[in-house]
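**Student:** My questions concern the predicted model and sequence given below.
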Amino acid sequence: MRILIIGGGILGTAHADAAVRRGHDVVHLEREPEARGATVRNFGLVWVSGRTEGELAATLRSRELWADLGARVPGIGFRANGSITLLRSDAEVAVAREAAGRADARDRGFTLLEPEAVRRLNPALRGKFVAGLHCSTDAAVESRVALPAIRWHLATSGRYRFRPGTEARTVTRTAHGTVQVRDDHGAVHETDLVLVCPGATLSGLARELGGDLPLRRVRLQMMQTAPLGEKLTTSVADGDSLRYYPGFAGAALEELKACEPQALTAEQHRMQLLCVQRLDGGLTLGDTHEYDEPFAFDVDEAPYEHLVTVAEELLGHRLPPVVRRWAGVYSQCLDPTELVHRARVDDDIWIIAGPGGRGMTLGPYLGERTADLLEL
């Protein structure tokens, strides 16, 4: 089958990988010279720990697919490094203990650790905390280089063509039933199936085909440091992440929210600390969450100061210099029970978008699931 995919982010690329592995021919259009949206502006986390019970099976399957992809494409930098959520109060420990005592805790790889056990597992953590929740199933990839590496691998099949700097303008049907996509270079691509993966660009062609999609956009701020100078053996989160990730919901979390308010900056910007070490030694840190549009075009300094303060308290020493700051926008389903918005807008034309902050985590699973649903 001939498949045309519009959108070069993680969803578009994961769907291309699923289609090529099943023997189909793929043309892949990306309007920018290189994907520049949320896919390359994230942590590169494959995050199992905070997922809800309903998401867990899909997340663990995606984790398997990332490991398989890492074996096929070493350039993505897949590593099964796990994570530690560092806890700084008895109320946070209670939330972690409740999560570690649930029936699915073994599937997630949860272990509640005393401070010395945390430091044995990750010696770079020499700061102030009273416990740590270890999740052995969490993993990471290099978000800035993963997509080019995957595309290079797909191109070796002879059944994949990537067309950067090419924007799809119209999608129509021919008299004999196939679909035609006209791009902004005037080229016409005749195909059997179109998958539109617009990321956070919900206007233009996505709106023309699917109307007002049941999605909202979310803006976040992040930053990158110079190399740390030592190895951070796991990804790191702080206790504020317990408030953000729905997998930690329960009585203990409600008690935490009632008795321990967040720091003012963290509350105002809906913050958590996540920290991942890149292969070059630098640290990616974030993040904030903003939901009300129009989004600002600039970034606020207060959240960065908060992230530095928290990270230095947990590490027990100063961070390396910050070398990059950025903002990004992703799309998220309005229905929190939906992993993604996947809708057929016409025969052989689908729109797939809105995994929220789970795009990098769930991308391979969502590509596989679409292939199964469409019997590719």
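**Tutor:** Received, thanks. Keep in mind that this is a model prediction, so the values were computed, not measured.
**Student:** tell me which residues in stretch 94-101 are buried?
**Tutor:** Taking 16 or more other CB atoms under 10 Å as the basis for neighbour counts, the residues of stretch 94-101 that come out buried are 94, 95, 96, 97, 98, 99, 100. Where C-beta positions appear, they are placed from N, C-alpha and C, glycine not excepted.
**Student:** wait, which of those is closest to residue 86?
**Tutor:** Checking those against residue 86 with CB to CB, the nearest one is residue 96 at 10.0 Å.
**Student:** Identify the residue nearest the closest one in space, chain neighbours excluded?
**Tutor:** Closest residue to residue 96 apart from its sequence neighbours, by CB to CB, 6 or more residues apart in numbering: residue 133 at 4.1 Å.
**Student:** ok, then the element right after the strand or helix carrying that neighbour?
**Tutor:** Under the criterion DSSP states H and E, the helix or strand holding residue 133 is strand 131-135. Under the assignment DSSP H and E, the closest C-terminal helix or strand after strand 131-135 is strand 139-140.
**Student:** quick one: residue 159 and residue 24, what's the gap?
**Tutor:** For residue 159, the distance to residue 24 under the criterion CB to CB, to the nearest Å works out to 7 Å.
**Student:** Report the contact partners of residue 336.
**Tutor:** By CB atoms under 8 Å, 6 or more residues apart in numbering, the contact set of residue 336 is residue 246.
**Student:** ok now stretch 198-212, how far from the chain's centre?
**Tutor:** 20 Å (CA atoms, centre = their mean, to the nearest Å).
**Student:** err, stretch 1-11, not the other one
**Tutor:** With CA atoms, centre = their mean as the basis, stretch 1-11 stands 18 Å off its chain's centre.
**Student:** what distance separates the start and the end of that stretch?
**Tutor:** Across stretch 1-11, the terminal residues are separated by 19 Å (CA to CA, to the nearest Å).
**Student:** now do stretch 170-190
**Tutor:** OK, stretch 170-190 end separation, CA to CA: 12 Å.
**Student:** pLDDT of it, averaged?
**Tutor:** For stretch 170-190, the mean pLDDT works out to 92.
**Student:** and which of the buried residues of stretch 94-101 is nearest to residue 9?
**Tutor:** After measuring the buried residues of stretch 94-101 against residue 9 - CB to CB - the closest member comes out as residue 99, at 30.5 Å.
**Student:** Roughly how far does that closest one sit from residue 249?
**Tutor:** Residue 99 sits 9 Å away from residue 249 when distances are taken as CB to CB.
**Student:** list the residues that contact both of those two?
**Tutor:** Contact criterion CB under 8 Å, 6+ apart; residues shared by residue 99 and residue 249: none found.
**Student:** Please, where are all the helices along the stretch 51-200 of the chain?
**Tutor:** 53-72, 90-100, 105-108, 115-121, 143-155 (DSSP state H, counting those that start in this stretch).
**Student:** Contacts for the second one next, please.
**Tutor:** Under the criterion CB under 8 Å, 6+ apart, residues 85, 87, 105, 110-112, 130-131, 133, 239, 242, 247-248, 250-253, 255-256, 259-260 lie in contact with helix 90-100.
**Student:** relative to strand 131-135, how tilted is it?
**Tutor:** Orientation check (axes from the mean of the first three to the mean of the last three CA atoms, to 10 degrees): helix 90-100 against strand 131-135 gives 30 degrees.
**Student:** Show the contacting residues for residue 165.
**Tutor:** 30, 31, 32, 33.
**Student:** which phi and psi does it have?
**Tutor:** Comment: the main-chain dihedrals of residue 165 come out as phi 60, psi 30, following degrees, to the nearest 10.
**Student:** go on, residue 340?
**Tutor:** Comment: the main-chain dihedrals of residue 340 come out as phi -160, psi 150, following degrees, to the nearest 10.
**Student:** re the thing from before, partners of the strand holding residue 133 in the sheet?
**Tutor:** Strands that pair with strand 131-135, judged by DSSP bridges, come out as strand 83-87 (antiparallel), strand 110-113 (antiparallel).
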